[in-house]
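Q: Here is my input; please provide its structure:
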Amino acid sequence: MILLEKQRQRRATGSNLQKFLAKLAQRHGLYASRYKVYTSILERFVKIIKESKRRVVCLDLGCGDGFFTRFLAGLCDLSIGIDLNEHSAWRYRWKNNSFFIVADARRIPLYPSSVDLVIIISLLKHVSNWRSIIAETSRILRLGGLVIIQLPNLHALIEPHTKVPFISFMPVHLRNLITINMFSETLQWDCTLQEVIQALKASDLKILGVFHHAYMPKLKPLAFSYFIIAMKREIN
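A: This is a model prediction of the structure:
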């Protein structure tokens, strides 16, 4: 009982710290900047795909509350959101050309070569064996289809998920101890830009571009994420 109470207190402390840091990030323009950048990127690439296709099917993996699924529904002919758990917001974000599925992104319940665009926003770092998500993405993408991956830099000075400063400089076991005890989860510390690019190439996905996005314009060197754009290509 004493151990459980101490664990509960640590998690409460972690939750309060995360809330405080989230408010600080919001004050510095993190969230407004992030969603503006994300939606502009999605709109740009959907337009590119629509130039060569009559019908565009989009998939939002790890869709959470469905914000981006609904946004894509305004750009695509069909938008599908998949998450491991149902979210209450799905009820009012459902549209005629969009729907949501409760499923594991490592086993996507869609036919091969059935999707034109897959977006994976802030998902891989939460999933053990995250490479299987990339393999599944390649399976369901049509030739010429695109995947857009947003990948927070877990090794930034301020890790953008927990927002704990300098956690990336700690030994792995200590990082896991902090995230498990304070935030009730683990992060996949091997989910780096280089490893994700290698996994994409191994799954017959051609890298079209990689660029950075600063979470905090006023504190640019401290925290940022990557965007990786890749295309399904023919197997040689």
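
Q: packing partners for the longest strand along the chain?
A: Counting residues, the longest strand in the chain under DSSP state E turns out to be strand 141-152. Packed against strand 141-152 by the contact rule (3 or more C-beta pairs under 8 Å, 6 or more residues apart in numbering; DSSP states H and E) you find helix 30-50, strand 115-121, helix 193-202, strand 205-214, strand 224-232. Every residue, glycine included, has its C-beta placed from N, CA and C.

Q: give me that answer again for 10 Å
A: Using 3 or more C-beta pairs under 10 Å, 6 or more residues apart in numbering; DSSP states H and E as the contact test, the elements touching strand 141-152 are helix 30-50, strand 57-61, strand 115-121, helix 131-140, helix 193-202, strand 205-214, strand 224-232.

Q: buried sites along that strand?
A: By neighbour count on 16 or more other C-beta atoms under 10 Å, the buried set for strand 141-152 is 141-142, 145-152.

Q: what does stretch 92-109 give?
A: Using 16+ other C-beta under 10 Å as the test for burial, stretch 92-109 gives 93, 98, 100, 105-106, 108.

Q: Check those and tell me the two furthest apart.
A: Greatest spatial distance among the buried residues of stretch 92-109 (C-beta to C-beta): 93 and 106, at 23.8 Å.

Q: Deepest in the core, which of the helices and strands packed on strand 141-152 is it.
A: Most buried of the helices and strands packed on strand 141-152, by mean neighbour count (mean count of other C-beta atoms under 10 Å): strand 57-61, with a mean of 27.

Q: Show me what that strand is packed up against.
A: Partner elements for strand 57-61 (3+ C-beta pairs under 10 Å, 6+ apart): helix 30-50, helix 67-73, strand 78-83, strand 98-102, strand 115-121, helix 131-140, strand 141-152.

Q: Which of the ones you listed sits closest to residue 190?
A: Comparison of the helices and strands packed on strand 57-61 against residue 190 by C-beta to C-beta identifies helix 131-140 as nearest, at 9.5 Å.

Q: from the chain's centre, how far out does that closest one sit?
A: In terms of C-alpha atoms, centre = their mean, to the nearest Å, the centre of helix 131-140 is set 14 Å apart from its chain centre.

Q: Which pLDDT value belongs to the residue lying closest to residue 84 once chain neighbours are set aside?
A: Sequence neighbours aside, residue 104 is the residue nearest to residue 84 in space, at 6.0 Å (criterion: C-beta to C-beta, 6 or more residues apart in numbering). Looking at residue 104, its pLDDT is 97.
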